[in-house]
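S.K.: Quick one, fold the following:
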Amino acid sequence: MTGAPLMFAQILGQLRDVTVVPEEALAAARRRIGVAENAVPDASQLRMLAGETGGWTAVTGNVFSTGERLRITAQATDIASSRVLVRAETELGAAADPREAFDRLAVRLLEPAGVPPTTATLATTTTASVDAFRAYVDGLALYQQSRFRDAEAAFTRAVTLDSNFALAWSGLTATSISTRGVQGIVDPRSQAYRAAERAAQLSSKLSPREAVFVTAIQAIFHGEIRRARRQLDSLFAANPGSLDIAFWVAAAQILAVPVDTAASPRRLISDPNRAVAIASMILAADPRRRTAYQVPAMVYGLGGGLLWGDIYGHLREYGSFAATVNGAGGRARGADRSKGHHRDDPTRDLRQPAGRGAAAAAAPER
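M.R.: Below you'll find the model as predicted:
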């Protein structure tokens, strides 16, 4: 069943007592070990996967179609001992919302661990619309395949069907940057900016990890890069296998003021080398995630004076990037934003006194 691992991850991810290995981390481990995407790993392969991911309880299952009914089975296995901890199954109509069935299965799977079941359900933490949820699942799959325009259409359908679907708004945020350009981060009128705002407004419906994730992305759009970095670094430390978090950790290193001009002496506060290293890690784990190529492209582009060079060095990190670009102190007036250079003098900002704003360009690391 399409989306079955995602549904289990969503409901189990609500619990602080349970750590769920992200789907992308598991897929990357399968590729390294040589287990085909749709193959069922044997006991020795499961142990290798556990060693790669740190997940020593495996949840596996099957979906059987019998006429107009579906029977879903699941079991949790202790990988170290190969002992089945619990088995569960449930039935539903072929046209019914499958999330209720996965909620019931998750409760059963938690019983041997003594973890109290969550009161949250997939419907309450995602969307009441099964069609919106299906569109969201499609969008995630398309985004991970770097089919960005198709993913944008799927996420747009999801939020059209349910305008309170926080995760779909978050997906639309990331996809819109890929389809419409990173400049959307500095434009409150852009689809990416508005989607990030809407996702953050609805973050109270999400699990703690997802809520922090969407508010960290909102902080990037607001120009509050230091806060975003703290939140993303904390998430990444707790979830090192999450390639989605890793991408935004890398992006936060380059979508920012690179130099602290208020410090004396001035110091570099961005780490482009770390950004490129994380992008390389993402591509090694999942070569399909071509979004990671955006990171080194932007790093090298900044050295060539692209749009972000008009923003870098601005004395005030906090506030809105849009205010900086759209005329703070008159610095951006007369800018040809289609090329990212000033028509009259592309080096003008670099010659301004530091106390007035944009004086510092990115310095090489020492």
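
S.K.: and the next element down the chain from the helix or strand hosting residue 26?
M.R.: Using DSSP states H and E, residue 26 sits in helix 23-33. Using DSSP H and E, the next helix or strand after helix 23-33 towards the C-terminus is helix 43-53.

S.K.: So which elements touch that following helix?
M.R.: helix 23-33, strand 57-66 (3 or more Cβ pairs under 8 Å, 6 or more residues apart in numbering; DSSP states H and E). C-beta: built from backbone N, CA, C; applies to glycine.

S.K.: again, only this time at 7 Å
M.R.: When contacts are defined as 3 or more Cβ pairs under 7 Å, 6 or more residues apart in numbering; DSSP states H and E, helix 43-53 packs onto helix 23-33.

S.K.: For the helix it packs on, buried residues please.
M.R.: 23, 24, 25, 26, 27, 28, 29, 30, 31 (16 or more other Cβ atoms under 10 Å).

S.K.: do stretch 134-150 as well
M.R.: Within stretch 134-150, the residues scored as buried using 16+ other Cβ under 10 Å are 134-144, 147-148, 150.

S.K.: what's the most distant pair in the residues you listed?
M.R.: 134 and 148 (19.2 Å; Cβ to Cβ).

S.K.: which stretches of the stretch 101-250 of the chain aren't confidently modelled?
M.R.: 107, 111-125 (pLDDT under 70).

S.K.: which ones are touching residue 235?
M.R.: 209, 212, 213, 245 (Cβ atoms under 7 Å, 6 or more residues apart in numbering).

S.K.: From residue 193, how far off is the second one?
M.R.: Distance of residue 212 to residue 193, computed by Cβ to Cβ, to the nearest Å: 19 Å.

S.K.: For residue 74, what are phi and psi?
M.R.: According to degrees, to the nearest 10, the main-chain angles of residue 74 amount to phi -150, psi 150.

S.K.: Excluding chain neighbours, give the residue nearest to it in space.
M.R.: Spatial nearest neighbour of residue 74, excluding adjacent residues (Cβ to Cβ, 6 or more residues apart in numbering): residue 61 at 3.6 Å.

S.K.: Would you confirm that that neighbour contacts residue 70?
M.R.: No - look at residue 61 against residue 70 with Cβ atoms under 7 Å: they stay out of range, at 12.0 Å.

S.K.: Which members of the contacts of residue 235 are positioned in strands?
M.R.: Cross-referencing the contacts of residue 235 against strands under DSSP state E gives no overlap.

S.K.: Which one of the residues you listed is nearest to residue 299?
M.R.: Nearest to residue 299 among the contacts of residue 235, with distances taken as Cβ to Cβ, is residue 245, at 19.3 Å.

S.K.: The closest one and residue 233 touch, don't they?
M.R.: No - Residue 245 lies out of contact with residue 233 (Cβ under 7 Å); the separation is 9.5 Å.

S.K.: Mind checking which of these two has more residues around it?
M.R.: Each of residue 245 and residue 233 has its neighbours counted (other Cβ atoms under 10 Å); residue 245 has more, 26 against 14.

S.K.: quick one: the more buried one from residue 186, how far?
M.R.: As for residue 245, its distance to residue 186 is 23 Å (criterion: Cβ to Cβ).

S.K.: from what I can see residue 184 touches residue 190, true?
M.R.: Yes - if you go by Cβ under 7 Å, residue 184 and residue 190 touch, sitting 3.5 Å apart.

S.K.: okay, now residue 265: neighbour count?
M.R.: 5.

S.K.: Could I get the full set of helices for the stretch 151-300 of the chain?
M.R.: Along the stretch 151-300 of the chain, counting by DSSP state H, counting those that start in this stretch, helices occupy 166-180, 191-201, 208-221, 225-238, 243-252, 272-285, 294-303.

S.K.: Residue 38 is nearest to which of those?
M.R.: helix 272-285 (19.0 Å).

S.K.: Report the buried residues of the closest one.
M.R.: 272, 275, 276, 278, 279, 281, 282, 283, 285.

S.K.: want to throw those into TSV with pLDDT?
M.R.: Formatted as TSV, the buried residues of helix 272-285 follow (pLDDT from 0 to 100):
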residue	pLDDT
272	86
275	92
276	91
278	95
279	92
281	91
282	89
283	88
285	83
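
S.K.: so which two of these are the farthest from each other?
M.R.: 272 and 285 (20.4 Å).
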